[in-house]
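> got a predicted model here, sequence first, then my questions.
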Amino acid sequence: MSSELIRQMIEQNSYPVLTESTLEAFLKLNEHSVLFFTEDPKQYPESNDVAVILPELATYFKGRFQVAVIDREVEHRLHRRFPFDSWPALVFMQRGNYLGAITRVQDWVDYLREIERLLNAAPLHIRDVGFPIVPSLAAAPQ
């Protein structure tokens, strides 16, 4: 179940909630996308913090990416397609190609730096099987 903050974020910003059947069309429609994987906010309270921060990030980046929230019922199945190691996660995509992810809550400056890097990055090849190595926010140059 989603929290009230996440529901408000979705409603106030008209963010789509994606399922397995709507994900591909959304990704193809948008040059850059950010997929918000919330998990259970009771178990991962940082999801509520990200729900407040994400619209501010979208405003700061002035339409350079479109935001969608992944439906709670399909999050774990879709998580297998997008390698990230903790919740909540913002998964960055370019026309269906994986760019990377930012997990947990970060400092504002770190968000700005990492999002800019991801929006300019080449897509990463991710395999269907195994555990690929994914650059982390901690590895970003200072």
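Great, that's in hand.
> next, the contact list for Arg80, please.
For Arg80, the contact set (C-beta atoms under 8 Å, 6 or more residues apart in numbering) is empty. In this view, the C-beta of every residue, glycine as well, is placed from N, C-alpha and C.
> can you confirm Arg117 is in a helix?
Yes - counting by DSSP: H, G, I helix; E, B strand; the rest coil, Arg117 is part of a helix.
> how many neighbouring residues does it have?
Counted with other C-beta atoms under 10 Å, the neighbours of Arg117 add up to 16.
> list the buried residues of stretch 38-54.
Thr38, Glu39, Pro41, Tyr44, Glu46, Ser47, Asn48, Asp49, Val50, Ala51, Ile53, Leu54 (16 or more other C-beta atoms under 10 Å).
> so the most centrally placed residue in the chain: helix, strand or coil?
Against the mean C-alpha coordinate of the chain, by C-alpha atoms, centre = their mean, the closest residue is Leu90 at 2.1 Å. Following three-state DSSP, Leu90 is assigned to strand.
> quick one: it and Thr38 touch, right?
No - in this structure Leu90 lies outside contact range of Thr38 using C-beta atoms under 8 Å: 10.2 Å.
> shared neighbours of those two, anything?
Val50.
> rewinding a little: can you name the residues bridging to the residue nearest to the centre of the chain?
Phe36, Ile102 (DSSP bridges).
> before we move on, the earlier item: now flag whichever of the buried residues of stretch 38-54 is closest to Asn13.
Leu54 (8.4 Å; C-beta to C-beta).
> phi and psi next, for the closest one.
Phi and psi for Leu54, reported as degrees, to the nearest 10, are phi -60, psi -50.
> surely it meets Ala68?
No - the pair Leu54 / Ala68 is not scored as a contact, 10.7 Å apart, by C-beta under 8 Å.
> anything in contact with each of these two?
Val34, Phe36.
> on that earlier part again, got CSV for the buried residues of stretch 38-54, with pLDDT and distance to Leu99 too?
Shown next, in CSV, are the buried residues of stretch 38-54 (pLDDT from 0 to 100; distance: C-beta to C-beta, whole Å):
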residue, pLDDT, distance to Leu99
Thr38, 97, 20
Glu39, 96, 21
Pro41, 96, 25
Tyr44, 97, 22
Glu46, 97, 21
Ser47, 98, 21
Asn48, 98, 25
Asp49, 98, 22
Val50, 98, 18
Ala51, 98, 21
Ile53, 98, 19
Leu54, 98, 16
